[in-house]
Structure formats: C-alpha cells, structure tokens
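Trainee: can you look at this prediction? I've put the sequence above it.
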Amino acid sequence: MHHEQSYVFVNLGLGRNTSNFNVSLTPQFWNATGKGTLCVEKLPVPPGIENGTLASLQVVTAGAGGAALYNCADVRFVQGAKARGGCSDSQVRYVPVGQQKEGACPAGQGSGSPAGQRSGSGSARLAFDTLALAALVALAPLFVTGTGFL
C-alpha cells in the first residue's frame with residue numbers, strides 16, 4: 001500500500017478483453033492501514049465460474065486525498081490451484097467497512113478517549129472518512145456500468 005490509510009475494493013471482469021468489472025469480490029470496502037504489501041490469501045469466487053475461465057482482477061485503492069489508483073491483472077481460473085506462498089502483509093492490516101451506530105465500539109477497540117468524549121481531530125477524521133466513503137459509494141455505479149472517467 002502506498003498510503004498510511006486507503007479504502008480498497010476488488011472487482012472482477014469476466015472474459016478475455018473485458019472492460020466491465022461488474023463482479024464485486026469485496027461487497028464491503030476494506031479500510032487498509034499501514035504502508036507495505038497487502039496480501040489477500042483468498043477471495044470468494046462467484047458461482048458458475050468454470051475451470052479455464054479468463055478474467056481480469058481490478059484492485060482499486062482510494063487514498064486520503066480522494067485520488068484512486070487502479071491496478072489490473074489478467075487471470076485464468078484453474079480448479080485445484082495452489083497458493084504461491086511467501087506473501088506477507090508486513091505492516092498492512094485491513095477490515096471491512098460497515099455501518100456502525102453512534103457511540104457503538106466493539107469490545108477491545110477503543111477510540112483513545114473516554115466514553116462520550118470527542119476530540120476535535122477524531123471528529124474531523126470521522127467527517128473526512130464519512131465524506132470519502134460517500135464519494136466512493138457515489139462513484140461506484142459509474143465504474144460498475146463502465147462509464148468511469150478515462
């Protein structure tokens with residue numbers, strides 16, 4: 001990863017020369033933190049994919065400034081394929097982004113301030129993260145339908 005914090009999503013386009021990445025392999029965006037290599041051992045394969053199917057993976061990262069980086073790789077689905085091994089995440093961690101209720105914080109994941117208190121930087125970061133996520137969600141249909149910016 002090239003930024004300390006990025007939103008990540010992975011799409012799949014089926015066929016030899018696809019330009020439509022309409023299959024989301026990450027229905028929820030990932031919030032990746034830390035710089036280094038992001039290693040994903042397994043992604044769900046959509047039903048109906050047959051042995052030998054050609055496709056392209058599209059990995060999209062959106063950084064704090066709102067700019068997105070697109071990486072693509074052509075793949076062939078092979079039944080019984082083995083992982084290459086040797087991949088490590090170094091300093092990068094990711095979690096799915098999900099909706100949470102105000103004040104809800106899973107056990108063991110504190111915000112760094114006592115319950116009910118907010119610091120200016122935490123509130124500002126929440127506002128930025130909400131804005132960035134809203135922008136990504138608003139732009140996603142453009143990329144799914146193939147009408148994204150080129």
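Mentor: Done, it's in.

Trainee: just the helices in this protein please.
Mentor: Here the chain has its helices, by DSSP state H, at 120-144.

Trainee: how about low-confidence regions in it?
Mentor: The chain contains residues with pLDDT under 70 at 1-5, 88-96, 98-150.

Trainee: buried residues in stretch 53-62?
Mentor: 55-62 (16 or more other CB atoms under 10 Å). C-beta: built from backbone N, CA, C; applies to glycine.

Trainee: can you get me the start-to-end distance on stretch 65-84?
Mentor: Start to finish, the residues bounding stretch 65-84 are 34 Å apart (CA to CA, to the nearest Å).

Trainee: I'd like the buried residues of stretch 53-62 laid out as JSON lines, including distance to residue 86.
Mentor: Formatted as JSON lines, the buried residues of stretch 53-62 follow (distance: CB to CB, whole Å):
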{"residue": "55", "distance to residue 86": "24"}
{"residue": "56", "distance to residue 86": "24"}
{"residue": "57", "distance to residue 86": "19"}
{"residue": "58", "distance to residue 86": "24"}
{"residue": "59", "distance to residue 86": "19"}
{"residue": "60", "distance to residue 86": "25"}
{"residue": "61", "distance to residue 86": "22"}
{"residue": "62", "distance to residue 86": "28"}
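
Trainee: which one of the residues you listed is nearest to residue 22?
Mentor: residue 58 (10.3 Å; CB to CB).

Trainee: okay but the closest one is in contact with residue 10, surely?
Mentor: Yes. Judged on CB atoms under 8 Å, residue 58 makes contact with residue 10 at a distance of 7.0 Å.

Trainee: circling back to that earlier point, now for the buried residues of stretch 53-62, which pair is the farthest apart?
Mentor: The most distant members of those, if one measures by CB to CB, are 55 and 62, lying 22.6 Å apart.

Trainee: now the closest residue to residue 41 other than its chain neighbours: how far from residue 44?
Mentor: Counting by CB to CB, 6 or more residues apart in numbering, residue 41 lies nearest to residue 83, which is 6.5 Å off, once chain neighbours are set aside. Noted for residue 83: a distance of 15 Å to residue 44, by CB to CB, to the nearest Å.

Trainee: same question for residue 12.
Mentor: Taking CB to CB, one finds residue 12 at 10 Å from residue 44.

Trainee: that'll do, ta.
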